[in-house]
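A.B. asks: just a sequence and a predicted model for now, questions to come.
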Amino acid sequence: MSTAAGRGTLLATVLASGMVFLDSTVVNVALPRLGSELHATVADLQWTVNGYMLMLAAFVLLGGSLGDRFGRRRIFLLGVIWFTAASVLCGLAQGTGWLIGARFLQGAGGALLTPGSLSVLQASFHPDDRGRAIGAWSGLSGVSTALGPFIGGWLIDAFSWRWIFFLNLPLAVLVVLSALRWVPESRDEAASRTRIEGDRRRRFDVAGGLLGALALGGITYALIDATGRGFGSPPVWGSALLGLVAGVAFVLLERRRGAAAMLPTELFGSRLFSVLNIFTVAIYAALGGFTFFFAVYLQNVLGWSALLTGVALLPWTLLMLVGSARAGALSARIGPRLPLAVGPVL
């Protein structure tokens, strides 16, 4: 953490994941203006937000596995470039179909770079500094989520909703330059070696990747579409059933593949690993839900402007900005149990 390479690696990973988290919230502020200009229906606006999250959820496991196999920095940079190109397409959109399609592409790019950000940190930092680095990454990336309404409100009022997507261009340039300069390449050496040697038993887990995407995609689509169609509609039940069946098949396949699996199931034999994954889902669901609904409530119910809504989130943003790295260092010193218990209660 005290070296230029460490700070440069942290800068690249924070900015990259920050772009993904920023775009998950900033669009909410733009929906009224965007809908008016593109003559969008309510369903169009829903899919502008949800199509992005659907692709991100469906392919995030595949993105992490590709990084382990073909190089974490390589897939990370591919995700950054993919995400940025899709952002430009979003900003140039001339209709809702164009915009929704570009948002789907954005989500797929985000699925490549988001797991890559964390795995790059895990592989690059000394164990003594790893907790502090990951704490800083988590908190600073979360800041971008909270800044979304503020930045979006200012850009929309001052320029146009299109600039919330063009903003990713200068950020991506910084990410690419930082990654090329400071981030070391790393991969799962066993997976890379067997790929080179041609061991048939350790080929890339294509079936696992597809089943994982179908499972997450089907369930996510059902949850999204249920708000419009109702839980009893055939498309909702069909996609939910498809996701559940694919999920069961995914678990069975990964158990059979053992160490060659995209997601080795023996990891869940560790109670600590399983509990912390459940904890992470709950915490990020709460944080994501809060930032989304709070911004919508202030604008649509109380009638606040987009910019004032962003200002209302600034205290939270500043506290995360100041405290995240310190919280990571504290966890490394006293252990994570107490901070993980006290934080959610507060």
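C.D. replies: That came through fine.
A.B. asks: the closest residue to residue 5 other than its chain neighbours: neighbour count?
C.D. replies: The spatial neighbour of residue 5 that comes closest, neighbours along the chain excluded (CB to CB, 6 or more residues apart in numbering), is residue 182 at 4.7 Å. Every residue, glycine included, has its C-beta placed from N, CA and C. Per other CB atoms under 10 Å, the neighbour tally for residue 182 reads 18.
A.B. asks: quick check: residue 182 vs residue 79, distance?
C.D. replies: Plainly put, residue 182 is 17 Å away from residue 79 if you go by CB to CB, to the nearest Å.
A.B. asks: got the buried residues for stretch 282-294?
C.D. replies: Buried residues in stretch 282-294, counted by 16 or more other CB atoms under 10 Å: 287, 288, 291, 292, 294.
A.B. asks: quick one on the thing from earlier: pretty sure the residue nearest to residue 5 contacts residue 10?
C.D. replies: No: no contact is recorded between residue 182 and residue 10 when judged using CB atoms under 8 Å, the distance being 9.1 Å.
A.B. asks: which neighbours do those two share?
C.D. replies: A shared contact of residue 182 and residue 10, defined by CB atoms under 8 Å, 6 or more residues apart in numbering, is any residue touching both; here there are none.
A.B. asks: tell me which stretches of the stretch 1-150 of the chain form helices.
C.D. replies: Defined through DSSP state H, counting those that start in this stretch, the helices belonging to the stretch 1-150 of the chain, from first to last, are 4-38, 42-70, 72-91, 96-124, 127-158.
A.B. asks: can you check which of the ones you listed gets nearest to residue 311?
C.D. replies: Proximity of the helices of the stretch 1-150 of the chain to residue 311 was assessed by CB to CB; the nearest stretch is helix 127-158, lying at 6.4 Å.
A.B. asks: now do the helix or strand that that closest one is followed by: everything it contacts.
C.D. replies: In the C-terminal direction, the helix or strand that comes right after helix 127-158 (DSSP states H and E) is helix 163-166. When contacts are defined by CB under 8 Å, 6+ apart, helix 163-166 is touched by residues 23, 26-27, 29-30, 87-88, 90-91, 151-152, 155-156.
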